[in-house]
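Chemist: Predicted model, plus sequence, below.
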Amino acid sequence: MVINSNIAAQSSANALGANQVALSRSLARLSSGSRIVNPSDDAGGLAVSLQLDAKAQRTDAAKSNIANAISFTQAQDGYLKKVGKALDRMGELAMLAQDVTKSTDDRTAYNAEFQKLGAFITTTATKDFNGTTLFSATALAINTDETGGTFSMAGMNLGATAFSSVTVATNTVLSTSLAAAAMGTVKTAITALATARANIGVDQATLSYTSDQLTVSFENLTAASSMIKDVNVATESVAYAKHNMMVQSATSMLAQANQLPQGVMKLLG
């Protein structure tokens, strides 16, 4: 028996310290919900999870871009629906003006409405979406993923000949011959409008598919990052209970170990 060195107490103290560290780690993980509280917990895992999180955020931003692009096309189509109604009415007016039983005054009235509808189409061609022209001949490049991929959304030019020709002042329905010519122009514009709206539909469908892909990508990236950095509460709860019991046991044994040198007093007594 020795007095200066209590090896049993030192061993118990070391075990107590180790278990307290492990208990504190479990408490930090359970309270934060993260398996990696400090970089030292899993340096490699932390690096990978940070990259996955950044990629997920970029993917979510790309999805937001796609949503805005879809809204852009919806705004385009909304205006084009009204342009279509205007063209339908202009075609009707051109047909009515070809009626030989109509008077000059009748055709003048028809022409007044015809011109106003043409002016409406001209005004529509200048509309914008958050500062971006809705009806420009220039295609728009939409970002479709976080790597820089793009989708080219075709320009929709309401200032093109097919549309502008029905809006000029010289295009009138003041006579049967002029009305017949106007009818042909309106038909051409309606055909161009149908093509334009079909292209918008194709763009919307493609953008919707792309958005769905980004949603799946975002979910997978988030899940992969979660597997690395998020704590498994059930598993960690078991570890916490274990370390808590070990701390209590080590504390009790340390107290017992500290009593061992007192046996020397019996020998000296």
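Modeler: That came through, no problem.
Chemist: The stretch 101-250 of the chain: helices as residue ranges?
Modeler: For the stretch 101-250 of the chain, the helices defined by DSSP state H, counting those that start in this stretch occupy 104-124, 161-164, 176-229, 233-259.
Chemist: can you pull the buried residues of the shortest one?
Modeler: In other words, helix 161-164. Going by neighbour count (16 or more other CB atoms under 10 Å), the buried part of helix 161-164 is 162, 163, 164. For glycine as for every other residue, the C-beta is placed from the backbone atoms N, C-alpha and C.
Chemist: and residue 191, how far is that from residue 127?
Modeler: Look at residue 191 and residue 127: by CB to CB, to the nearest Å, they are 22 Å apart.
Chemist: These two: which is more packed in?
Modeler: residue 127 (14 against 11; other CB atoms under 10 Å).
Chemist: For the closest residue to that one other than its chain neighbours, report the pLDDT, please.
Modeler: Nearest non-adjacent residue to residue 127, counting by CB to CB, 6 or more residues apart in numbering: residue 134, 4.9 Å away. For residue 134, the pLDDT comes out at 91.
Chemist: Surely residue 134 touches residue 74?
Modeler: No: using CB atoms under 8 Å, residue 134 is not in contact with residue 74; the gap is 10.7 Å.
Chemist: Where does pLDDT dip in this protein?
Modeler: In the predicted model of the chain, residues 1-6, 232, 240, 254, 257, 259-269 satisfy pLDDT under 70.
Chemist: just to revisit the earlier point, quick one, which of residue 134 and residue 74 is more surrounded?
Modeler: For residue 134 and residue 74, the more surrounded residue by other CB under 10 Å is residue 134, and the numbers stand at 20 against 12.
Chemist: so what's that one up against?
Modeler: 72, 75, 76, 79, 127, 128, 156 (CB atoms under 8 Å, 6 or more residues apart in numbering).
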